[in-house]
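1. no sequence on this one, just coordinates:
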């Protein structure tokens, strides 16, 4: 199982930016997809963005499209989520997840490896 460790969360004012990092244990994940999900109390964990190792193809939920950018630095074994123009509704615990295979999936149940989460708070 892939080990994932998130970092970079914090508190920021609306309109600000944060960059989350997800460091993975394996040197290559050439048949994997890594995704970011987020969760607020009382709600289900929801898809934010995903990227594949091979094609670097990225996908985003409509709520973050145009504001968030996912990227993968293979040399550093790290997936990043650059978050710009943050809104109070982006406040959540953000989780990094990985699944074997490059088939597109926004379903949290498809992902078997999870990080511990990092808190993001956006104040108005």
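-> Done, it's in. Every value quoted in this text rests on a predicted model; they were computed, and no experiment measured them.
2. from here on, just use CA atoms for contacts and neighbour counts.
-> Will do.
3. grab the most central residue of the chain for me.
-> residue 36 (2.3 Å; CA atoms, centre = their mean).
4. bridging residues for that residue?
-> Counting by DSSP bridges, residue 36 is bridged to residue 49, residue 96.
5. from residue 90, how far off is it?
-> 13 Å (CA to CA, to the nearest Å).
6. now do residue 43
-> 13 Å.
7. neighbour count for the two, which is higher?
-> Counted by other CA atoms under 10 Å, residue 43 and residue 90 do not tie: residue 90 has more neighbours, with 20 against 8.
8. quick check: closest non-adjacent residue to the more buried one.
-> Nearest residue to residue 90, sequence neighbours excluded (CA to CA, 6 or more residues apart in numbering): residue 122, at 6.7 Å.
9. doesn't that neighbour lie inside a helix?
-> No: using DSSP: H, G, I helix; E, B strand; the rest coil, the assignment for residue 122 is strand, not a helix.
10. tell me what it is bridged to.
-> With DSSP bridges as the rule, residue 122 is bridged to residue 12.
11. what ranges do the strands span in this structure?
-> 4-7, 10-13, 18-24, 32-39, 46-52, 58-60, 68-73, 78-83, 92-100, 113-114, 118-123 (DSSP state E).
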